[in-house]
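> Sequence and predicted structure, then a few things I'm wondering about:
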Amino acid sequence: MSKTSNSKSDARQRIVETAERLFYADGVRAVGIDRVIAEAGVAKMTLYKHFPSKDELILAVVKYREEKFDAMFAKWMERHRKSGLAPLASFFAALKDWFKSPGFRGCMFINTCAELADADHPASKFSAEHKERFHELLKQVVQEEQGDKVATKVTPAIALLVEGAIVSAVMRQSPKPADVARDAALSLIAG
């Protein structure tokens, strides 16, 4: 790859990373393109070359966020598994780690859907698909520990507990909803 190509892809990546940080902290609607340009240190033409519209930038950001979030969550789960926790306990311990992380402002995918208020927006569709993938991960965790029959039965309810815990953690500015959701999930499985 030539130096020019590298600088172009570096600029694109810098725009996406900057927009992701700003959108997560302040919201996709509250952050304007001019702020992204200023904080990314790129020219307006550079941004529009890579992202002809803000909607395209928002979509690129949620795709990037999924990669970043999934890697972070997998790392936390693995750390808890290595410490001896069972699969589902590791999932909820990772959830709690996320809630305790600096700058936690909830789920970017939930936030983006709520802010866009348009289920047909490409970023809303991607965010909904992300939730399906995240819930599938949860199902795999339950399957590993409890088998397919139990996982099929309880995962939809546990997924609702997880989503409620995310919202509650933001509203209360506390990681404790992860523990409440874990305990309720274990009760569902035992029940």
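Arrived safely. Residues are numbered from 1 along each chain as shown.
> Grab the nearest non-local neighbour of Tyr64.
Closest residue in space to Tyr64, ignoring its immediate chain neighbours: Val16 at 5.0 Å, by CB to CB, 6 or more residues apart in numbering. The way it works is simple: take the backbone N, C-alpha and C, and place the C-beta from them, glycine included.
> And the helix or strand where the one you found lies, how far out from the chain middle?
In this structure, Val16 sits in helix 3-26 according to DSSP states H and E. Relative to its chain's centre, helix 3-26 lies at 18 Å (CA atoms, centre = their mean, to the nearest Å).
> The lengthiest helix in the chain - contacts with which helices or strands?
With residue count as the measure and DSSP state H as the assignment, the chain has helix 54-82 as its longest helix. With contacts taken as 3 or more CB pairs under 8 Å, 6 or more residues apart in numbering; DSSP states H and E, helix 54-82 sits against helix 3-26, helix 33-40, helix 87-100, helix 108-116, helix 122-146.
> Tell me which of the ones you listed sits nearest to Arg172.
Of all these, it is helix 87-100 that lies closest to Arg172, at 9.6 Å by CB to CB.
> now that closest one, how far from the centre of its chain.
14 Å.
> can you list contacts of it?
Contact with helix 87-100 is made by 72-73, 76-78, 80-81, 85, 104, 138, 141-142, 144-146, 162, 165-166, 169, 174-175, 177-179, 181-182, 185-186, 189, as judged by CB atoms under 8 Å, 6 or more residues apart in numbering.
> Any buried residues in the one helix or strand Val180 maps to, and which?
Element membership of Val180 [criterion: DSSP H and E] is helix 176-190. By 16 or more other CB atoms under 10 Å, the buried positions in helix 176-190 come out as 177-179, 181-182, 184-185, 188-189.
> Could you do stretch 62-72 as well?
62-63, 65-66, 69.
> which among those gets closest to Ser124?
Val62 (9.0 Å).
> who are the neighbours in contact with the closest one?
108-109, 112, 123, 126-127, 130.
> Let's see that with 10 Å instead.
20, 23, 28, 69, 108-109, 112-113, 122-127, 129-130 (CB atoms under 10 Å, 6 or more residues apart in numbering).
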